[in-house]
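In: sequence unknown, structure follows:
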């Protein structure tokens, strides 16, 4: 048996409120669930983007119906990519520029596809990429 | 403009070959691209799971067509979740047990949905979860 798809993607942030504001302003993602001391969660397509404050999730055990959830949490720059359509490329560059977000790199991949790299306030390396990069349709 | 979906989910591992073997054996994910010193990538549904050796990605700059890709890489236990169907639950527990992977927690969520938590060899907290956990269809 193999998983059908990925359901949750997680990054760790230094401040939940700051992160929520950035992902709303720059990526127009509206938070679904928030605990300012611990996490903010966004739906994106048929997946979830989970942003955690690792200071909390590394040290404070959560229990659900009496079952402890394993601790997790990282330090340093994580990475994830959102899908964009080829036709949206210029509009994404404009949106990042309008929102004052520096673009770290714009890449044309040898195998096809294009990416835009930028950072969130915690230093995570975010990417917008066309699925052609992985031989997928948009 | 907002992203339509998540395309790439990344975790960091201590050893690429060890990680590739674990994700193949336990999750039946076949690697698509591998550089033993740096990364192994898997396709999962319409997304990609990227496993990186952070010792490499934090320090060694990659260039694509002359454009440097920003460095990234974390330390500590990352997290992500794969989708499973409700009807697959028992079979997943069996598969983990057959492959000798300890289950850290089995959770029934108050809002609906169920999760199984386990670890990869690098200590990342992996989860199999039914999409009902987020109010989504399977």
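Out: Now that the structure is in, tell me what you want to look at. Note that the coordinates shown come from a computational prediction; the quantities given were computed from them, not determined experimentally. Numbering: from 1, shown residues only, chains lettered A, B, ... in the order given.

In: CA only for contacts and neighbour counts going forward, please
Out: Will do.

In: ok, and does the longest helix seen in chain A reach over to chain B?
Out: Among the elements of chain A assigned as helix by DSSP state H, the one spanning the most residues is helix A:16-27. Yes. Shown here: helix A:16-27 in contact with chain B (C-alpha under 8 Å from any C-alpha of the partner chain) through residue A:27.

In: ok, the helix or strand following that helix near chain B or not?
Out: Next along the chain after helix A:16-27, taking DSSP states H and E as the criterion, comes strand A:31-35. No. Contact between strand A:31-35 and chain B, assessed by C-alpha under 8 Å from any C-alpha, is absent, since the two come no nearer than 9.5 Å.

In: rewinding a little: which other residues reach the longest helix of chain A?
Out: Outside of helix A:16-27, the residues that reach it under the criterion C-alpha atoms under 8 Å, 6 or more residues apart in numbering or on different chains are A:13, A:29-31, A:35-40, A:51-53, A:95-96, A:99, A:101, A:120-122, B:1-3.

In: quick one: contacts of the helix or strand of chain A at the bottom of the mean pLDDT ranking?
Out: Within chain A, judged by mean pLDDT, DSSP states H and E, the helix or strand with the poorest mean is strand A:62-64; its value is a mean of 93. Counting by C-alpha under 8 Å, 6+ apart, the neighbours of strand A:62-64 from elsewhere in the structure are A:68-69, B:107-110.

In: The same query, at a cut-off of 7 Å, please.
Out: Judged by C-alpha atoms under 7 Å, 6 or more residues apart in numbering or on different chains, the contacts made with strand A:62-64 from elsewhere in the structure are A:68-69, B:107, B:109.

In: Now do the same contact list for residue A:119.
Out: Taking C-alpha under 7 Å, 6+ apart as the criterion, residue A:119 is in contact with A:125-126.
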